[in-house]
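Visitor: give me a 3D structure for the following:
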Amino acid sequence: MKFLFDDSYSFFITWIKTLLPIAALGMLSTIFLFSGKVDVTQSLPYAELNVEDIIREQRITKPYFTGISESGIEFALSAAYATPNASQPSILDVSELRVEFKTPQGNTAEITAGLGVMNAETKSAKISQGVRLASKLNFWITTETLDIDFNDSYASTNGPFKGVFSLGSIESGNMVLKMISGDQQILFTNRVRMLYNPKANQSR
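Guide: You can find the predicted model right below:
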């Protein structure tokens, strides 16, 4: 390769441009040659532990299930985590879950809870821990456990519950919420007690 220069300054600049990259490569090579050795095995136990946990737990992050019942009611279930049962893969343990029913006309019912067990074969779920059901007409309830049937679009309590609506509050030993085409039905049984107090709930 031949270089042609008009003066010594151009000669100097050209060689600087050529030598500097070579010098930089030489300096980088010395870093690898004289740097201390890294023991990569130090991080392996942590990586192996994480992999073992994932394989053992088989936990799914942010699962989302949707479907339509035979009566045309849409339903959706979302959760923070879902873990398949070791002996029955069709059963999932879910946490921080949210269930929503929606009729073709747009009427909705929303259910939230801390824990739940979902059966994919029977399309049902049993939820617990801070269960809250919110329905139309400014009505919601809190209870300990709730059974949900996605096929028939209904939810029922297994024990006492407390409910609040626009006209006051209500308590009973059992409640069934049934989603039907265009509407929803709520049935209270077993020692029903209602307190009429509309003013107390106007701000809710």
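Visitor: any regions of the chain where pLDDT drops low?
Guide: Applying pLDDT under 70 to the chain picks out residues 1-57, 136-137, 182, 198-204.
Visitor: if we use 80, what do you get?
Guide: Residue ranges of the chain with pLDDT under 80: 1-58, 136-139, 158-159, 165-167, 181-184, 197-204.
Visitor: now do the helices in it.
Guide: 8-34, 44-57 (DSSP state H).
Visitor: so S153 touches D183, yeah?
Guide: No: counting by Cβ atoms under 8 Å, D183 is not a contact partner of S153; they are 11.5 Å apart. The C-beta positions use only the backbone N, C-alpha and C, and glycine is treated the same way.
Visitor: neighbour count for those two, which is higher?
Guide: Between S153 and D183, S153 has the larger neighbour count (other Cβ atoms under 10 Å), namely 25 against 11.
Visitor: contacts only, for the nearest residue in space to I91 that is not next to it in sequence.
Guide: Setting aside the residues directly before and after it, I91 is nearest to N85 in space (Cβ to Cβ, 6 or more residues apart in numbering), at 4.1 Å. Contact partners of N85, counting by Cβ atoms under 8 Å, 6 or more residues apart in numbering, are 91-93.
Visitor: in a markdown table, list those residues along with distance to Q105 and neighbour count.
Guide: Output for the contacts of N85, formatted as a markdown table (distance: Cβ to Cβ, whole Å; neighbours: other Cβ atoms under 10 Å):
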| residue | distance to Q105 | neighbour count |
| --- | --- | --- |
| I91 | 33 | 17 |
| L92 | 30 | 22 |
| D93 | 34 | 15 |
